[in-house]
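Peer 1: with the input below, show me the fold.
(one chain, ligands or ions: 1)
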Amino acid sequence: MIGFELSDEQKQFQALARTFAKETIIPVAAHHDREESYPEEVVRQAHEVGLLNVSVPEAVGGLGLSMLDEAIIAEELGYGCMGIYTILMASELGIMPLLLAATPEQQARFLAPLLEGPKLAAFALSEPNNGSDAGGLRTRAVFDGDEIVISGTKTWISNGGIADFTVVFATYEPELKHRGTVAVVVEHDRPGLSCNKLHGKLGQRASPTYEMVFDDVRVPIGNMLGEKGDGFKIAMRTLDKTRIPVAAGAVGVLRRALDESRAYALEREAFGQPIARFQAIQFKLADMKIALETARWQTWHAAWLADSGRPHAEAAAIAKAYASDAAFAAAQEAINVFGGYGYMNEYPVEKLMRDVKLNQIYEGTNEIQRVVIARHVLQ
Ligand SMILES: Cc1cc2nc3c(=O)[nH]c(=O)nc-3n(C[C@H](O)[C@H](O)[C@H](O)COP(=O)(O)OP(=O)(O)OC[C@H]3O[C@@H](n4cnc5c(N)ncnc54)[C@H](O)[C@@H]3O)c2cc1C
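Peer 2: Numbers count the residues shown, from 1 in each chain. Sure thing, here's the model as predicted:
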């Protein structure tokens, strides 16, 4: 039996997120993109209406929304602005290792406080010398009595300087490669942690990205998730899930590209008629629609697999690679539909392309998604 009907609760969240995107995100998105500024007020309001940190479990007072719920919300917020949505998405990325590997005591200690205000989490795996090769971490975790001492540098960390805590992946035994890694929750008031905002991003400029420097940062051993040696496994299991909201955000960008193109094509005239009359333009819209439906169903299917406890790594990789590639292609075609105006930041479509480029890169590049998919194909 296959059901394609959203529940009443899912429809409510969809409507809430759609209204939030329309009324709260879209009016300020271009401003924050231009200024490369953090949309503090939007995040505050997202917390207020219940769209922030939605995966925090009910057991500690959260909504405990499923992956499919999150995908439905992600599409709406990504439609509004992928950069602003990345702030919320990166917080869920920081929460996911705790959903997968934290004890109930750790969940209560770290996740419950996130609900008290517009607070954020972050996830720090990437380093200056290795992003894709996540087994080759250089950030060190030294066990010292009942403490872990972390030293090293992480980079490209979304929310890094504004989060309340970051889940940090580090090695305690580099020779063991991925088997010698740990996942540790580091609260941001620990001495020895400094965060530097990175500037000059192509897109998603509202989302702040940081370099994080750990200079002998001490945390209690009780901040470690799972066991010694579990770090890499926790990181990979996290990404197998969180690639689904990355895909869903891209679906939102794709839908926006189609909506903007449709509206413009009906209004803009050339050779005495709306450009929507030209088959060349119609086919662009049709291709966007094909990609939109395909990307959404694959994303929802991956979410359903994850929610029902079935293997979902391959489906999530397909969703992430397909949706982000398709959204980038659609955004590019939207610029073509707009002609010369599409090239100008007065219209929203050039931002869609700049923003969704990142969906092809973070949480594992689309080359890495293809590595994952090929591994399953050849298994
Ligand atoms: C704005 C932004 C925000 C980010 N947010 C976060 C975050 O919150 N947390 C975090 O941990 N990271 C984050 N990242 C990092 C991101 O996940 C990495 O940039 C990404 O995984 C690629 O790593 P890299 O940049 O080191 O590229 P590299 O690993 O150096 O890859 C370079 C190129 O080689 C290809 N390549 C590498 N290995 C293989 C292989 N085995 N097979 C085929 N091709 C390969 C890659 O696909 C890519 O094309 C963010 C990045 C950006 C730009």
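
Peer 1: pLDDT below threshold where in the chain?
Peer 2: 1 (pLDDT under 70).

Peer 1: quick check: residues of this protein near the ligand?
Peer 2: Contact residues (CB under 6 Å from any ligand atom) of the chain with the ligand: 90, 123-126, 130-132, 156-158, 201, 209, 358, 361-365, 367-368, 371. No exception for glycine: its C-beta is placed from N, CA and C like everyone else's.

Peer 1: for A122, give its distance to A313.
Peer 2: 23 Å (CB to CB, to the nearest Å).

Peer 1: not counting sequence-adjacent ones, nearest residue to the closest residue to the ligand within the stretch 1-150 of the chain?
Peer 2: Taking CB to the nearest ligand atom, the ligand has its nearest neighbour within the stretch 1-150 of the chain at G131, 1.9 Å off. In space, G131 comes closest to W156 once its chain neighbours are excluded; the distance is 7.2 Å by CB to CB, 6 or more residues apart in numbering.

Peer 1: tell me the SS of that neighbour?
Peer 2: strand (DSSP: H, G, I helix; E, B strand; the rest coil).

Peer 1: likewise for Y347?
Peer 2: Put simply, Y347 is coil when judged by three-state DSSP.

Peer 1: quick one: neighbours of it, just the number.
Peer 2: Other residues lying near Y347 total 17 when counted by other CB atoms under 10 Å.

Peer 1: list the contacts of it.
Peer 2: With contacts defined as CB atoms under 8 Å, 6 or more residues apart in numbering, Y347 is in contact with 260, 264, 338, 341.

Peer 1: touching, the third one and Y264? I think so.
Peer 2: Yes: in terms of CB atoms under 8 Å, F338 counts as a neighbour of Y264; the distance is 5.6 Å.

Peer 1: filter the residues of the chain next to the ligand to the buried ones?
Peer 2: Buried by 16 or more other CB atoms under 10 Å: 90, 123-126, 131, 156-158, 201, 209, 358, 362-365, 368, out of the residues of the chain next to the ligand.

Peer 1: among those, which lie within helices?
Peer 2: 90, 368 (DSSP state H).

Peer 1: mind checking which of the buried ones among the residues of the chain next to the ligand are in strands?
Peer 2: The strands, defined by DSSP state E, take in 123-124, 156-158, 209 from these.

Peer 1: re the thing from before, tell me who's in contact with the residue nearest to G131.
Peer 2: W156 neighbours (CB under 8 Å, 6+ apart): 126, 131, 198, 209, 211, 362.

Peer 1: what is the nearest of those residues to Y85?
Peer 2: Within those, the smallest distance to Y85 is 12.5 Å, found for Y362 (CB to CB).

Peer 1: now do the phi/psi pair for that closest one.
Peer 2: phi -80, psi 170 (degrees, to the nearest 10).

Peer 1: what's the separation between it and F123?
Peer 2: Distance from Y362 to F123, by CB to CB: 10 Å.

Peer 1: find the nearest non-adjacent residue to the residue in the stretch 201-350 of the chain positioned nearest to the ligand, please.
Peer 2: Closest approach between the stretch 201-350 of the chain and the ligand, counting by CB to the nearest ligand atom: T209, at 4.4 Å. Leaving aside its sequence neighbours, T209 sits nearest to L198 (CB to CB, 6+ apart; 4.8 Å).

Peer 1: shouldn't the one you found be in contact with Y210?
Peer 2: Yes: L198 lies in contact with Y210 (CB under 8 Å); the separation is 6.4 Å.

Peer 1: more neighbours: these two, which one.
Peer 2: Taking neighbours as other CB under 10 Å, L198 and Y210 compare with Y210 leading, 23 against 14.

Peer 1: quick one: the more buried one and K357, what's the gap?
Peer 2: Taking CB to CB, one finds Y210 at 20 Å from K357.
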